[in-house]
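**Q** Okay, sequence plus prediction incoming.
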Amino acid sequence: MTVTAIIIFPLIGAVAGFGLVGDIVVGVIGSFIGGWLFSLLGIAAGGLIGAIIAAVVGAIILIAILRLIKRA
């Protein structure tokens, strides 16, 4: 992951959180997860649209994991 991606993913994640503190945290952490997962799979999340998609995918994965933990 490049330095630019490390800066852009959390910003997009924060915007994707729609302003609530918990949602912002999930968005930021999810963006890192999405960026890491995409780079691990060799998928280039280039540009703004790619970063948004990676952040959304990461947030969905994080929410799914949190729900599994909460259910247990």
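**A** Yes, it's here.
**Q** quick one: low-confidence ranges for the protein?
**A** 1, 14-21, 45 (pLDDT under 70).
**Q** how about a cut-off of 50?
**A** Applying pLDDT under 50 to the chain flags no residue at all.
**Q** what's the offset of the longest helix seen in it from the middle of its chain?
**A** Ranked by residue count, the top helix of the chain under DSSP state H comes out as helix 47-71. Per Cα atoms, centre = their mean, to the nearest Å, the displacement of helix 47-71 from the mean C-alpha position of its chain is 5 Å.
**Q** and Ile61, what does it touch?
**A** Applying Cβ atoms under 8 Å, 6 or more residues apart in numbering, one finds that Ile61 lies in contact with 30, 33-34, 37. For every residue, glycine as well, the C-beta is placed using N, CA and C.
**Q** Identify the residues contacting the residue positioned nearest the centre of the chain.
**A** By Cα atoms, centre = their mean, the chain has its centre lying nearest to Ser31, at 1.7 Å. Shown in contact with Ser31 (Cβ under 8 Å, 6+ apart): 9-10, 12-13, 16, 51, 54-55, 58-59.
**Q** circling back to that earlier point, can you say which of the contacts of Ile61 are buried?
**A** The neighbour count (16 or more other Cβ atoms under 10 Å) marks 30, 33-34 as buried among these.
**Q** roughly how far apart are the residue nearest to the centre of the chain and Leu40?
**A** 15 Å (Cβ to Cβ, to the nearest Å).
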